[in-house]
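[1] need a structure here:
(one chain, ligands or ions: 2)
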Amino acid sequence: MKILFVTRVVEYIDPMNIELMSALARRVGHATYLSILAQDDLEADVRRIKPDIVAFSTLTGEVSHYLKAAAVVKQVSQNIITVMGGPHCTFFPEVIEEKNIDYVGSGECDDAWPNLLTALNTKKDVDSILNIFTKDNWAGKWKAAGENRRNHLAGRTTNLDGLPFFDRELVYNHTPLGEFPMLSFMASRGCPFECTYCFEPKFNKIYSKKGPIFNRYSVERLCEEIKEAVTRWPKQFVKFYDDMFFVNKDVKKDLWLQEFAEVYPREVGLPFFCLTRCNVLTEEHLQLLKPAGLHSLTMSIEAGNEYIRSHVIKRHMTEEEIRHAFYLCKKYNIVTFANSIFGIPVKPEIMAEQGKTAIDYDIESLDINIDCKVTFAEFGTAYPYPGCELSEYVVENGWFDQNDFDKLHISYAAESPLNCFSPKEKMMQNNLALLSTVCVAFPSLRNLTVKILIKLPLAKLYFLLYYLTKGYLNVFKVYPMKFTFWNLLRNMARSFRLEWKKRAPGQRLYKKPNISSSPTNQMLGGSSKI
Ligand code: B12
Ligand code: SF4
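    Numbering: from 1, shown residues only. Ligands and ions are numbered 1, 2, ... in the order given. Below is the predicted model:
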């Protein structure tokens, strides 16, 4: 069969979801194609390729784009089968009720996806395939009878080594990503922590007693795949995008990490980036990983305020642990990257008790990033994704209308979707998010920013400052890669468009306006009502 994958946009990280799904499909004998909404004409691609199946992998904020895309596919031919999977479907399999979606893959579909393809190809029963929701099995069992949907989930994939190598060719032949000198990969799946804004704790609940919470490729298999990729495409840097590259505070007990530190430099030898948490990192980790090629490390701070960290988002780490982790990185000359979340709502009575406004909490987050001397600090907005504890908290408090996914922008670099902030506060949050990255790099701008700049409607200027700071830090510090002059210019122009789009979706900065235009009315610098 011919399978056309549709994705919204390809940026600088490998779309590993599509690359894996394509590899799994090819392994069972199907041909795969790619259409990218931000650059291609989907309708023309569908008419030219004549796919049997069109497949989407969706995050929550982008689901409405894919539903519009599915409508375009069905307009061309009702016979084309549409399948949707990805994190949104894991938490919200109800998407099967959409008229233009024929099948939904929920949870890990490493087996379900090829099983579905085989069943469709051989016209066998699909309703009983675990992880796959159909119109019939949904209406007959889960919706009508209310049977526990978890019964329809297979266990978690235990043997990651058994997965095929990602089909990077599908993406690299179609986008500039193959020439971009960074390769992304995940050495593991899962995370045992319980942050309330993240999908992992919910995922762990859904999969309770159905397989390992944290699981890794073997070091040998991991290095084999990276080696194969870097011999085919010119890469200078590896970004390990695991939620947690290591979870064990005690390095001696992490035999995998020790083996990695020995084998990776010998077999791959490229500098790398990875992620962990401040309360996991120890000096021994850096002593082990620095000689192995560790160049930059993400440890998210998320909130400077202790109450928010412990009670609202459950990060469960002290300020001292945060400061110490960043101090260690400075000591070992490791470049640091930290995310923080603005616009995390606190109940009015607690705010009154603490004598703080909503913006005070955000400024506290800026300040801890400055104190920790984070190399590159990025500030997003709190977004309630389905199933996460944070979402229940904002819905219970009446700050967000449950199931209103259209309010969730494609990126949390946009305005807060919560109604507990005034338009003025939302404008200040947006301004501060842009300027904080600049302030952490140039701390002398902090006072001017929080006292004056934050209140001015100059978001476009702030975006430019943010973009230049981020661009400089990314290219020269976090991911140090060599570009030819023209390549650098090309990448700058492209990344400028992508960054802008994340904040001002209505703007026509892409090559051609298409069906991926925004479902929301959020604009750079806040809503137009200000
Ligand atoms: C890499 C990554 C990114 C990359 C690339 C994203 C991309 N489009 O590929 C970048 C940096 C761009 C990114 C950005 C964002 N991300 Co992100 N990202 C991830 C991360 C770490 C890994 C995703 C991945 O590739 N996994 C590997 C693949 C193989 O696994 P998978 O996607 O889960 O796929 C499995 C199943 O879902 C299913 N499946 C997937 N696709 C399909 C398709 C079909 C047809 C079928 C049948 C099954 C199926 O089978 C797969 C194999 O088991 C995840 C966290 C995580 N642990 O997964 C967050 C995650 C996906 N991101 C998330 C979010 C919120 C974002 C942002 C909104 C954040 C922001 N900065 O604004 C943006 C939005 C970007 C966008 N809209 O495109 C959330 C999504 C929550 C949700 N409910 O949708 C996650 C889950 C993080 C989290 N902890 O909550 N992200
Ligand atoms: S540590 Fe990271 S991946 Fe793990 S639950 Fe928290 S936010 Fe999610």
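[2] Wait, a strand at Arg323?
    No. Looking at Arg323 with DSSP: H, G, I helix; E, B strand; the rest coil, it is helix, so not inside a strand.
[3] what's the burial count for it?
    15 (other C-beta atoms under 10 Å). The C-beta positions use only the backbone N, C-alpha and C, and glycine is treated the same way.
[4] Which residue ranges make up the domains of the protein?
    2-152, 189-503 (automatic domain parsing).
[5] quick check, the shortest one touching ligand 2?
    No. Using C-beta under 6 Å from any ligand atom, domain 2-152 never reaches ligand 2; the gap is at least 12.0 Å.
[6] Wondering if that domain reaches ligand 1 at all.
    Yes. Domain 2-152 reaches ligand 1 (C-beta under 6 Å from any ligand atom) through 8, 11, 13, 15-17, 20-21, 55, 57, 59-62, 83, 85-88, 90-91, 105, 108-110, 113.
[7] Could I get the domains of the chain in TSV, plus columns for mean pLDDT and distance to Asn159?
    Listed next are the domains of the chain as TSV, based on pLDDT from 0 to 100; distance: least, C-beta to C-beta, whole Å:
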stretch	mean pLDDT	distance to Asn159
domain 2-152	93	9
domain 189-503	94	9
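[8] quick revisit: which of the residues of domain 2-152 next to ligand 1 fall in helices?
    16-17, 20-21, 87-88, 90-91, 113 (DSSP state H).
[9] Tell me the residues on the stretch 201-350 of the chain that lie near ligand 1, please.
    241, 243.
[10] ok, now which ones touch Ile368?
    By C-beta atoms under 8 Å, 6 or more residues apart in numbering, the contact set of Ile368 is 301, 304, 319, 322.
[11] Doesn't Phe129 lie inside a helix?
    Residue 129: Ile, not Phe. No. Counting by three-state DSSP, Ile129 falls outside a helix, being coil.
[12] Do I have it right that it meets Cys109?
    No. Here Ile129 lies out of contact with Cys109, judged by C-beta atoms under 8 Å, at a distance of 9.7 Å.
[13] Which one's more surrounded, those two?
    Cys109 (28 against 23).
[14] ok, that one - contacts?
    Counted by C-beta under 8 Å, 6+ apart, Cys109 has contacts 21, 85, 131-132.
[15] May I have the phi/psi pair for it?
    Backbone torsions of Cys109, given as degrees, to the nearest 10, read phi -120, psi 30.
[16] Can you report phi and psi for the residue nearest the centre of the chain?
    Residue closest to the average C-alpha location in the chain (C-alpha atoms, centre = their mean): Leu59, at 8.3 Å. Reported as degrees, to the nearest 10, the phi and psi values for Leu59 are phi -90, psi 170.
[17] and the gap between it and ligand 2?
    Separation of Leu59 from ligand 2 (C-beta to the nearest ligand atom, to the nearest Å): 14 Å.
[18] Make 6 the first number, not 1, from now on.
    All right, first residue 6 from here; so that's Leu64.
[19] list the contacts for that residue?
    Counting by C-beta under 8 Å, 6+ apart, Leu64 has contacts 91-93, 415.
[20] so what's whichever residue of the stretch 356-505 of the chain sits closest to ligand 2 up against?
    Among the residues of the stretch 356-505 of the chain, Cys393 lies closest to ligand 2, at 9.6 Å counting by C-beta to the nearest ligand atom. By C-beta under 8 Å, 6+ apart, the contact set of Cys393 is 201-204, 206-207.
[21] rerun that using 7 Å as the cut-off
    Residues near Cys393 by C-beta atoms under 7 Å, 6 or more residues apart in numbering: 201-204, 207.
[22] I'd like those residues as a markdown table, with secondary structure appended.
    Converted to a markdown table, the contacts of Cys393 look like this (three-state DSSP):
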| residue | secondary structure |
| --- | --- |
| Thr201 | coil |
| Tyr202 | coil |
| Cys203 | coil |
| Phe204 | helix |
| Lys207 | helix |
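[23] Where neighbours are concerned, which of these has the most?
    Neighbour max across the contacts of Cys393 (other C-beta under 10 Å) = Tyr202, 23 neighbours.
[24] Test my guess that it contacts Leu395.
    Yes. Counting by C-beta atoms under 7 Å, Tyr202 does reach Leu395; the two are 4.3 Å apart.
[25] any shared contact partners between these two?
    318, 387.
[26] Helices of the stretch 206-355 of the chain, start to end?
    224-237, 260-272, 288-294, 311-312, 324-336, 353-359 (DSSP state H, counting those that start in this stretch).
[27] Can you check which of those gets nearest to Phe501?
    helix 224-237 (27.5 Å; C-beta to C-beta).
[28] send the alpha carbons of the closest one over as PDB?
    Output of helix 224-237 as PDB, limited to C-alpha atoms (Å, rounded to 0.1, in the frame of the first residue of the first chain):
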ATOM      1  CA  VAL A 224      24.300   1.300  24.000                       C
ATOM      2  CA  GLU A 225      25.400  -0.900  21.100                       C
ATOM      3  CA  ARG A 226      22.100  -0.500  19.200                       C
ATOM      4  CA  LEU A 227      22.000   3.200  19.900                       C
ATOM      5  CA  CYS A 228      25.500   3.800  18.600                       C
ATOM      6  CA  GLU A 229      24.900   1.600  15.600                       C
ATOM      7  CA  GLU A 230      21.900   3.700  14.500                       C
ATOM      8  CA  ILE A 231      23.700   7.100  15.100                       C
ATOM      9  CA  LYS A 232      26.800   5.800  13.200                       C
ATOM     10  CA  GLU A 233      24.700   4.700  10.300                       C
ATOM     11  CA  ALA A 234      23.000   8.100  10.100                       C
ATOM     12  CA  VAL A 235      26.100  10.200  10.400                       C
ATOM     13  CA  THR A 236      27.900   8.200   7.700                       C
ATOM     14  CA  ARG A 237      25.000   9.000   5.300                       C
END
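[29] How about the contacts made by Lys244?
    187, 189, 278.
[30] For the second one, which three-state class applies?
    Spelled out, it's Ser189. Applying three-state DSSP: Ser189 is strand.
[31] burial of it, as a residue count?
    Neighbour tally, Ser189, other C-beta under 10 Å: 21.
[32] these two touch, right, it and Asp19?
    Yes. Judged on C-beta under 7 Å, Ser189 makes contact with Asp19 at a distance of 4.4 Å.
[33] Which residues are in contact with Ala60?
    8, 10, 26, 88.
[34] For the closest residue to ligand 1 within the stretch 106-255 of the chain, which residues are in contact?
    Closest residue of the stretch 106-255 of the chain to ligand 1, C-beta to the nearest ligand atom: Gly110 (2.5 Å). By C-beta under 7 Å, 6+ apart, the residues touching Gly110 are 88, 90, 94, 117-118, 136-137.
[35] at contact distance from ligand 2, anything in stretch 323-338?
    No. Legend: contact between stretch 323-338 and ligand 2 by C-beta under 6 Å from any ligand atom is lacking; minimum distance shown is 13.2 Å.
[36] what's next to that stretch, contact-wise?
    Contacts for stretch 323-338 (C-beta under 7 Å, 6+ apart): 283-284, 286, 288, 291, 295, 302, 304, 306, 311, 341, 373, 376-379.
[37] try 6 Å this time
    283-284, 286, 288, 291, 295, 304, 306, 341, 377 (C-beta atoms under 6 Å, 6 or more residues apart in numbering).
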